[in-house]
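Asker: Sharing a sequence plus its predicted fold:
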Amino acid sequence: AQSVAQPEDQVNVAEGNPLTVKCTYSVSGNPYLFWYVQYPNRGLQFLLKYITGDNLVKGSYGFEAEFNKSQTSFHLKKPSALVSDSALYFCAVRDGSSASKIIFGSGTRLSIRP
Amino acid sequence: EAQVTQNPRYLITVTGKKLTVTCSQNMNHEYMSWYRQDPGLGLRQIYYSMNVEVTDKGDVPEGYKVSRKEKRNFPLILESPSPNQTSLYFCASSPLDSGNTIYFGEGSWLTVV
């Protein structure tokens, strides 16, 4: 069975500092991993994904994520946070070995203070 | 423009009055899904569909029904809504290949009083 965990409900970072939002996963086959962002009163927007290849994936708005197979993690990172990055972030996993449903984590609220 | 469209966006209804939230996508996607979002619980999957006439229960299917008679449409039906179904609902779609991005609608705020 697939599962994904986001251990932090909230992450607080000062503007200009690096940020990390953590995600760990469990899947029986090949992991396909995704990050989505949700701004207030909006749907979820795709940020980036890992399917195969380079473990460091770059996405929208300067975000990147590192796939770590041994630690079954896919942490979201950004070198320098902006106040506009404040939002709710969701990690998701799909089993790449077969057509499967997508499972989301519980979400992490990122708050960037000026 | 590629999109997932949900209606209504906002609804207040009374306990027991049947309602349907429609979802339509214009991208010819095989996979469609419904989620509910509640504070502290993230996104929980209600039902999903891999193709026309193929539907499966997600994690929280109780009190909901779905149908997939056409590829583009995936309505969510609440036969007898109860207050614990007050939530924000999202419809999503993607191609069947698991490597593809999933696209979300803008959400439907449902309040059952």
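Answerer: Everything's here; your move.
Asker: near chain A, which residues of chain B show up?
Answerer: B:4, B:31, B:33, B:35, B:40-43, B:45, B:48, B:50, B:56, B:58, B:90, B:92, B:94, B:96-99, B:101-107 (Cβ under 8 Å from any Cβ of the partner chain). In this view, the C-beta of every residue, glycine as well, is placed from N, C-alpha and C.
Asker: List only those of these flagged as buried.
Answerer: B:4, B:31, B:33, B:35, B:42-43, B:45, B:48, B:50, B:58, B:90, B:92, B:94, B:98, B:102-105, B:107 (16 or more other Cβ atoms under 10 Å in any protein chain shown).
Asker: need the residues of chain A near chain B, please.
Answerer: A:6, A:9, A:32, A:34, A:36, A:41-46, A:49, A:51, A:90, A:92, A:94-96, A:98-107.
Asker: Any quick ChimeraX command for the buried ones out of those?
Answerer: Selection of buried members from the residues of chain A next to chain B for ChimeraX, criterion 16+ other Cβ under 10 Å:
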select /A:6,32,34,36,43,44,46,49,51,90,92,94,95,96,100,101,102,103,104,105,106,107
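Asker: Could you tell me which of the residues of chain A next to chain B are located in strands?
Answerer: A:32, A:34, A:36, A:44-46, A:49, A:90, A:92, A:94-95, A:103-104 (DSSP state E).
Asker: so what's the residue of chain B positioned farthest from its centre scoring on pLDDT?
Answerer: In chain B, counting by Cα atoms, centre = their mean, B:Gly99 sits farthest out from the average C-alpha position, at 21.2 Å. Note on B:Gly99: pLDDT of 74.
Asker: Name the nearest residue to it, sequence neighbours excluded.
Answerer: In space, B:Gly99 comes closest to A:Ile51 once its chain neighbours are excluded; the distance is 4.5 Å by Cβ to Cβ, 6 or more residues apart in numbering or on different chains.
Asker: Need the phi and psi values for that neighbour.
Answerer: phi -120, psi -50 (degrees, to the nearest 10).
Asker: Can you verify my assumption that it contacts A:Gly96?
Answerer: Yes - in this structure A:Ile51 lies within contact range of A:Gly96 using Cβ atoms under 8 Å: 7.0 Å.
Asker: quick one: common contacting residues for the two?
Answerer: Common contacts of A:Ile51 and A:Gly96, defined by Cβ atoms under 8 Å, 6 or more residues apart in numbering or on different chains, comprise A:Tyr32, B:Gly99.
Asker: Checking my notes, the residue farthest from the centre of chain B in a helix, right?
Answerer: No - B:Gly99: not assigned to a helix; according to DSSP: H, G, I helix; E, B strand; the rest coil it is coil.
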